[in-house]
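Colleague: Any chance you can model this:
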Amino acid sequence: MKKYVAYVIYSPTINKETINEDITRFKSHLSSIDGNLGENDIISVKLAYPIDKKLSGELLVMYFDLPQSDNLKHNLSELLRIVDPKHNNNILRYRFLTVDSDSVVHINSIKEYFQSQK
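Modeller: Numbering: from 1, shown residues only. From the prediction side, this is the model:
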């Protein structure tokens, strides 16, 4: 299994129910390809610069595992489609990163960082 983290910045006007629906879709797709959704959380953040004239947003952080396979590129592209702003107008930006097990930053550390920035 290869470890990943997804950072997704949603519009500040979105409700948590909509984000939770995206998490459910993401988890469902992961399950269908033998992946696992790990720790995840939604954090209100102040943006470093305006994105689409918005100065804040809701940051979704999700850790997940995907099995190494010949379909890895296809599986990642399907997961990206769930959080792609072209398909979801509530999403401002997203980033998927591979993670070494030694370098995992826990969500509580991310929350503390953003709370100290307020």
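Colleague: quick one: pLDDT of the closest residue to residue 85 other than its chain neighbours?
Modeller: Nearest residue to residue 85 in three dimensions, chain neighbours excluded: residue 91, at 4.6 Å (C-beta to C-beta, 6 or more residues apart in numbering). Where you see a C-beta, it was placed from the backbone N, CA and C, and this is true even at glycine. We have a pLDDT of 90 for residue 91.
Colleague: same thing with residue 117?
Modeller: On pLDDT, residue 117 comes in at 69.
Colleague: Adjust the sequence numbering to begin at 108 for everything that follows.
Modeller: In the new count, where the first residue is 108, that last one comes out as residue 224.
Colleague: Report the contact partners of the residue nearest to residue 192.
Modeller: If you count contacts by C-beta atoms under 8 Å, 6 or more residues apart in numbering, residue 198 has them with 115, 116, 117, 118, 190, 191, 192.
Colleague: In this protein, which residue sits furthest out from the middle?
Modeller: Outermost residue of the chain with respect to the C-alpha centroid, by C-alpha atoms, centre = their mean, is residue 177; its distance is 23.5 Å.
Colleague: okay, stretch 135-150 in CSV with CA atoms only?
Modeller: What follows is stretch 135-150 as a C-alpha-only set of coordinates in CSV (Å, rounded to 0.1, in the frame of the first residue of the first chain):
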residue,chain,number,x,y,z
SER,A,135,-16.7,4.6,-1.3
HIS,A,136,-14.4,4.8,-4.3
LEU,A,137,-11.4,3.9,-2.2
SER,A,138,-13.2,0.8,-0.9
SER,A,139,-14.0,-0.3,-4.5
ILE,A,140,-10.3,-0.3,-5.3
ASP,A,141,-9.1,-1.9,-2.0
GLY,A,142,-7.9,1.4,-0.7
ASN,A,143,-8.4,2.7,2.9
LEU,A,144,-9.4,6.1,4.2
GLY,A,145,-7.5,7.0,7.3
GLU,A,146,-7.6,10.1,9.5
ASN,A,147,-9.5,13.1,8.1
ASP,A,148,-10.8,16.4,9.3
ILE,A,149,-12.2,19.8,8.2
ILE,A,150,-10.4,22.9,9.4
